[in-house]
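*Asks:* Predicted model and sequence follow; I will ask about them next.
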Amino acid sequence: MRKVLIIVAAFAVAFVPLLAAAPHANAATTVCALYCDTRDPSLAQSETFPTPNVYQNGDVIELHVDDADGMAWASIDNGHLNDSTWIDRSWDGGSTWDGLLGQASIPSGWTGTRTLMYNMYDPSNHRRAVVRACGDANGVVCTSWVHSQVCSARCDGASASGSTGNYQPVPDTTLDGRDISLHVDSSGMAWASISGGAPGDEVWMDRSWNGGTSWPDGSSEGRVSTPSGATGTQTIEVNIDDTLGRLYGGAVRACGRAVTGQNGSCTAWTRADAVHTSAAADALMYSYDPYNAWWPSSWWNSAVALISIIDYTRQSGDTQYKWIIDRTFQVNKVAFPAGTRSTDPIQGDFISTATDDTEWWALAWIDAYDLTGNQTYLNEAVTIMNYVNTMWDTSSCGGGVWWNTQDTYKNAVTNGLYVLLTASLHNRIAGDTSWLTKATTAWNWFQASGMINSSGLVNDGLSSSCGNNGGTVWSYNQGLAIGAATEMYHATGNASDLSEAQHLANSAVNSPSLVSNGLLTESCDSLTTTCDDNQKQFKGIFMRYLGALNNAVGGGTYTGFINTQTNSLWNNDRDTLNEFGERWSGQTSSTNPNVSDWRTQASALEALLAAP
């Protein structure tokens, strides 16, 4: 009767006042992951029954789980009028819980009912729940809690003897002569060990979903004592991330206690980092909001972050984040009022009054097409570029695309992207001539516009009199020009385009305006200044296109420069949670710290991906 129950009860759910709160019940708040709490079970993508049913006076209480959506609901069957069922949800492994969620009572004439669906995960707030189904049929019974274990390639509790590798990402901690170590394998699992001690010493893992701020459902995982006659032991393995629950960027630490006292000690919190690009991507995905399908709260920066995840997926073959491509597309292709996604209104199809913001999204969908082959994404890029093409204006400066709909500025970012995108469309649309014509016209105009100065560096844009405005040489403008030239070379086969890309790259890597002590350095990267949210992401864009040029030229022309960046990033600009800062040198000061957020993370990921 399981399937029938879902269909019939959809028309017969009756809600009654909540029963008196259970002794450990908390007030519930609405949780939104892919969907918000109280979704109709008839919309579930899947249905499993992970725990045995329970019975009360002949009633059957059952827990249903939709793992695809990360939601659960409860049902009661073979019951009587006013018998009821509900979901309990706990964020601390079952010690306390949000009780009586969606309590529904059997109405007159029916023998069963069910609740609506509730989320088992809260990725935006970095929480993981266990759930159970309960029922009241002249007495309350509940199923066991489910999803207490995290399962990925393997489940929590696996033996460390079956691990794939043994990497120690943080220094050991010591306690009364004991050595407490954290071990991570290549599959994203971790275990703890204690050595140099005595029987009765304890060791365990703590696991946190919010970077070590709290760990209510992950304390003392696998706690074990050193056995008689031994000087050390180790725990079972636990997963660091919960990919099923879209909880990325999980953190673990190893802790121990000496038998000779009540004191204990723990290592630093850390994330898996056996593979550099995987570590950077994992920490970037920690900040992705699955419900709103972006990285809060920057519109164009989210497009570039999405590009970095797509690039990672294509290069690594790791598909665990691939789902965010269509999720981001479906949620964000609609219109938004000003202040929701951007200070500008979004008209739909990722189009806004800021031309460059619009173009970044076209670039993301071309990248998505390259990974998936899904024509929908390429069609979206065409839709966006048909709009952008209306911003090309020969009546001012002889051509070029306006930065915004107010026609206030012709600048490098907007026009570098325009060349790159039109050439990219030509290279992906069989038999195209129209986009190639636009690309050729735009590239010739860009080179002659004066934005590229006599040193081979790209200034920010043109003055009102159509001359180089002497604006800041930003790394992303230089990178986009390199990318445009490289894409034009792929479109035309013209060796002069590849030569121009190399000229722009050589000018950059040899310029004190962009490189300091061998490291790519934005003008806002000094110890006396701080980059704004836009500028934090510029260097990664440069590295993306320098990497593309390095591949096109061959021979490892820029490999040395790229490796210098990635080595400094990994060795000097990374904390134990694999978070990368704005300054790739890692330099910091009390007045201007080396800040890190998801924008600097996406920038670092693109740099790491540029390495051959």
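*Replies:* Received the coordinates, thanks. Bear in mind the structure is a predicted one, so any value in this text is a computation, not a measurement.
*Asks:* quick one: buried residues of the helix or strand residue 306 falls within?
*Replies:* Per DSSP states H and E, residue 306 falls inside helix 299-316. Neighbour counts over helix 299-316 (16 or more other CB atoms under 10 Å) mark 299-314 as buried. Using the backbone N, CA and C atoms, a C-beta is placed for each residue, glycine as well.
*Asks:* Check stretch 359-375 too.
*Replies:* 359-369, 371-372.
*Asks:* how about the helices of the protein, start to end?
*Replies:* All helices of the chain, identified by DSSP state H, fall at 2-9, 276-285, 299-316, 323-332, 355-372, 375-389, 412-426, 434-448, 475-492, 495-509, 538-553, 559-572, 598-610.
*Asks:* In a markdown table, list those helices along with mean pLDDT and distance to residue 398.
*Replies:* A markdown table is the format used below for those (pLDDT from 0 to 100; distance: least, CB to CB, whole Å):
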| stretch | mean pLDDT | distance to residue 398 |
| --- | --- | --- |
| helix 2-9 | 33 | 65 |
| helix 276-285 | 98 | 41 |
| helix 299-316 | 98 | 27 |
| helix 323-332 | 98 | 35 |
| helix 355-372 | 98 | 18 |
| helix 375-389 | 98 | 17 |
| helix 412-426 | 98 | 12 |
| helix 434-448 | 98 | 7 |
| helix 475-492 | 98 | 18 |
| helix 495-509 | 98 | 19 |
| helix 538-553 | 98 | 26 |
| helix 559-572 | 98 | 35 |
| helix 598-610 | 98 | 33 |
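*Asks:* Adding distance to residue 102, write those out as TSV.
*Replies:* TSV is the format used below for the helices of the chain (distance: least, CB to CB, whole Å):
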stretch	distance to residue 102
helix 2-9	12
helix 276-285	30
helix 299-316	33
helix 323-332	25
helix 355-372	36
helix 375-389	36
helix 412-426	48
helix 434-448	52
helix 475-492	48
helix 495-509	58
helix 538-553	44
helix 559-572	47
helix 598-610	34
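*Asks:* Any idea which of these gets closest to residue 266?
*Replies:* helix 276-285 (20.5 Å; CB to CB).
*Asks:* Compute the inter-axis angle for the closest one and helix 323-332.
*Replies:* 30 degrees (axes from the mean of the first three to the mean of the last three CA atoms, to 10 degrees).
*Asks:* Show me what helix 276-285 is packed up against.
*Replies:* helix 299-316, helix 598-610 (3 or more CB pairs under 8 Å, 6 or more residues apart in numbering; DSSP states H and E).
*Asks:* Nearest to residue 287, out of those helices?
*Replies:* helix 598-610 (3.9 Å).
*Asks:* If I take the closest one and helix 559-572, what angle do their directions form?
*Replies:* Using the same axes, to 10 degrees: helix 598-610 against helix 559-572 is 130 degrees.
*Asks:* Okay, buried residues for helix 598-610 please.
*Replies:* For helix 598-610, by 16+ other CB under 10 Å, it's 598-610.
*Asks:* picking that back up, closest to residue 193 out of the helices of the chain?
*Replies:* helix 276-285 (21.9 Å).
*Asks:* List of residues touching the closest one?
*Replies:* 241, 248-249, 271-273, 305, 308-309, 312, 315-316, 318, 321, 324, 566, 570, 577-580, 598, 601-602, 604-605, 608-609 (CB atoms under 8 Å, 6 or more residues apart in numbering).
*Asks:* cutoff 7 Å now
*Replies:* 241, 248-249, 271-273, 305, 308-309, 312, 316, 318, 321, 570, 577-580, 598, 601-602, 604-605, 608-609 (CB atoms under 7 Å, 6 or more residues apart in numbering).
*Asks:* next one: stretch 288-298
*Replies:* With contacts defined as CB under 7 Å, 6+ apart, stretch 288-298 is touched by 32-34, 123-124, 246, 287, 301-302, 305, 324, 327-328, 331-332, 533, 598-599.
*Asks:* of those, buried ones?
*Replies:* 32-34, 123-124, 246, 287, 301-302, 305, 324, 327-328, 332, 598-599.
*Asks:* between these, which is closest to residue 377?
*Replies:* Distances from residue 377 to the buried ones among the contacts of stretch 288-298, taken by CB to CB, are shortest for residue 328, at 10.7 Å.
*Asks:* which residues touch the closest one?
*Replies:* Per CB under 7 Å, 6+ apart, neighbours of residue 328: 293, 294, 306.
*Asks:* from memory residue 191 sits against residue 237, does it?
*Replies:* Yes - taking contacts as CB atoms under 7 Å, residue 191 lies within contact range of residue 237: 4.7 Å.
*Asks:* so what sits against both of these two?
*Replies:* Joint contacts of residue 191 and residue 237 (CB under 7 Å, 6+ apart) are residue 160.
*Asks:* gap between stretch 193-205 and the chain center?
*Replies:* In terms of CA atoms, centre = their mean, to the nearest Å, the gap separating the centre of stretch 193-205 from the centre of its chain is 36 Å.
*Asks:* Can you give me the distance of the most centrally placed residue in the chain to residue 545?
*Replies:* Most central in the chain under CA atoms, centre = their mean is residue 285, positioned 1.9 Å from the mean C-alpha point. Noted for residue 285: a distance of 23 Å to residue 545, by CB to CB, to the nearest Å.
*Asks:* How about residue 230?
*Replies:* 56 Å.
*Asks:* same deal with residue 76?
*Replies:* Residue 76 is 60 Å from residue 545, by CB to CB.
*Asks:* neighbour count winner among these two?
*Replies:* residue 76 (30 against 27; other CB atoms under 10 Å).
*Asks:* From what I see, the more buried one and residue 61 are in contact.
*Replies:* Yes - contact criterion CB under 7 Å: residue 76 and residue 61 qualify, at 5.4 Å.
*Asks:* Now do the shared contacts for those two.
*Replies:* 85, 135.
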